[in-house]
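Peer 1: Got a sequence here, can you build the structure:
(4 chains)
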There are 2 protein chains.
Amino acid sequence: MNTEQLLSKIRKFFRTNKRLPSYQEIATLCGFASKNAAFKLTQKLIDEGFLEKDQTGKLVPKRLFALLPNTGIVKAGFPSAATEELNDLVSIDEYLITKPESTFMLTVSGDSMIDEGICPGDIVLVERGRTAKNDEIVVACVDGEWTLKYYQKKGGKVWLKAANKNYRPIYPKETLEVAGVVTSVIRKYN
Amino acid sequence: MNTEQLLSKIRKFFRTNKRLPSYQEIATLCGFASKNAAFKLTQKLIDEGFLEKDQTGKLVPKRLFALLPNTGIVKAGFPSAATEELNDLVSIDEYLITKPESTFMLTVSGDSMIDEGICPGDIVLVERGRTAKNDEIVVACVDGEWTLKYYQKKGGKVWLKAANKNYRPIYPKETLEVAGVVTSVIRKYN
DNA sequence: TAGTATAGTGAACGAATGTTCACCAGTCAA
DNA sequence: TTGACTGGTGAACATTCGTTCACTATACTA
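Peer 2: Next up, the predicted model:
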């Protein structure tokens, strides 16, 4: 039993049990008769940086949450069953959300951002309280109505631009309040 | 201390510690002097279906993973700080991935699917080993080259269609192998 | 051939785990 | 005023936890 196999087993356990195993459980997982064997082997994984410990000694998941292998560009070859065992696993949650406490999600209605690849029904993750830069996509309230648009600012004047030729730029008559900046887009089929 | 407050505290703990607290920890979390108070209160949460238990008695996270409030349609109003405490929290991982063992992710190159809102640099989640239906987006290998296209099948004949007028349909000369069906698209800004 | 890592066993430790039971103070309704 | 319900305390339990130490067998190396 090497560390790579162990990591794979721990991940499997985590995936089904939604928590990390104890050393006893790791031992049974590996077929060890002794907890200590699991302890030592796991310590190696920690040394290699794949795992962490609590103050209480409990194992803490590092980057093995959702466990999807990220396998490069489509055209540059293809993932085989072998590459799956690689350690470049990534949690989508962790990948997309850096500030969970100030991020929320919103379902998109309307096609005003369709040329940006944001379609009706898509979900956008919005980070609240970030100051928008030019050409960033923002969720904003213009004169009382909420929209999703490009943020535009020039010479102290602020307006919104759609990613759709059929829409005109929006110049606020009274108020323009930016609720947050779009950090990512998610679309789920069927 | 009511169950709603407790749930909020447990979520906060889970978010920072990446695991669920023990009853002792719940007690300190709530300011209780006795583990049993935490035990009883948590039991209510379980009865209400917000939490689950292991065979070993350990708490298991149910739907409170990534903890993003899902707040309806953009135009239909707006999330305030209050609505965040709602229980409609969702993990993106759980939301997008139903079969983690057969799902992998791929970075998109090329603009052949741009009218579908799939842009270069986007990440697609692909479910392997699913039989593709008509008009589903698939990752396929045609005559040795990997592409991302609509799957088309009529009368036993299979070909691929792009979501871009500048691309012609692809009819396989020799082989067409479907590696998987695209189940979702992810785009991250900056 | 001798010596040294390596990989696992087995026992032991104090502390923390989930769970149960008896108890208490307040609140509310009858 | 009584009695039940609620929300919490405190002690106790068997079990499991993380961790340490001494030991063994195998494999590799000099």
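
Peer 1: In three-state terms, how would A:Gln43 be classified?
Peer 2: Using DSSP: H, G, I helix; E, B strand; the rest coil, the structure places A:Gln43 in helix.

Peer 1: Pull up the distance across stretch A:143-159, start to finish.
Peer 2: From its first residue to its last, stretch A:143-159 covers 12 Å (Cα to Cα, to the nearest Å).

Peer 1: hmm, it in reach of chain B?
Peer 2: Yes - counting by Cβ under 8 Å from any Cβ of the partner chain, chain B has neighbours in stretch A:143-159: A:145-148. Any C-beta I mention is one placed from the backbone N, CA and C, and that applies to glycine too.

Peer 1: Which SSE is immediately downstream of the longest helix that chain A contains?
Peer 2: Criterion DSSP state H: the longest helix present in chain A is helix A:3-17. With elements assigned by DSSP states H and E, the helix or strand that comes after helix A:3-17 is helix A:23-30.

Peer 1: For that following helix, name the packing helices and strands.
Peer 2: On a contact count with 3 or more Cβ pairs under 8 Å, 6 or more residues apart in numbering or on different chains; DSSP states H and E, helix A:23-30 meets helix A:3-17, helix A:35-47.

Peer 1: Show the average pLDDT along that helix.
Peer 2: Taken as a whole, helix A:23-30 has a mean pLDDT of 94.

Peer 1: Equivalent analysis for stretch A:121-135, please.
Peer 2: Per-residue scores along stretch A:121-135 average to 88.

Peer 1: do stretch A:36-49 as well
Peer 2: Mean pLDDT, stretch A:36-49: 90.

Peer 1: quick check, it touching chain B?
Peer 2: No - using Cβ under 8 Å from any Cβ, we find that stretch A:36-49 stays clear of chain B, coming within 14.9 Å at best.

Peer 1: What are the buried residues along that stretch?
Peer 2: Neighbour counts over stretch A:36-49 (16 or more other Cβ atoms under 10 Å in any protein chain shown) mark A:37-38, A:41-42, A:45 as buried.

Peer 1: picking that back up, out of the helices and strands packed on helix A:23-30, which is closest to DNA strand C?
Peer 2: The closest of the helices and strands packed on helix A:23-30 to DNA strand C is helix A:35-47. By Cβ to the nearest atom of the strand, the value is 3.2 Å.

Peer 1: Just want the angle from that closest one to helix A:3-17.
Peer 2: Counting by axes from the mean of the first three to the mean of the last three Cα atoms, to 10 degrees, helix A:35-47 points 100 degrees away from the direction of helix A:3-17.

Peer 1: Can you check what angle separates helix A:35-47 from helix A:23-30?
Peer 2: 90 degrees.

Peer 1: Name the spans of chain A whose pLDDT lies under the cut-off.
Peer 2: Where chain A drops to pLDDT under 70, the residues are A:62-91, A:94, A:100-101.

Peer 1: Now do the SS call for whichever residue of it sits closest to DNA strand D.
Peer 2: Nearest to DNA strand D in chain A, going by Cβ to the nearest atom of the strand, is A:Gly57, at a distance of 2.3 Å. Using three-state DSSP, the structure places A:Gly57 in coil.
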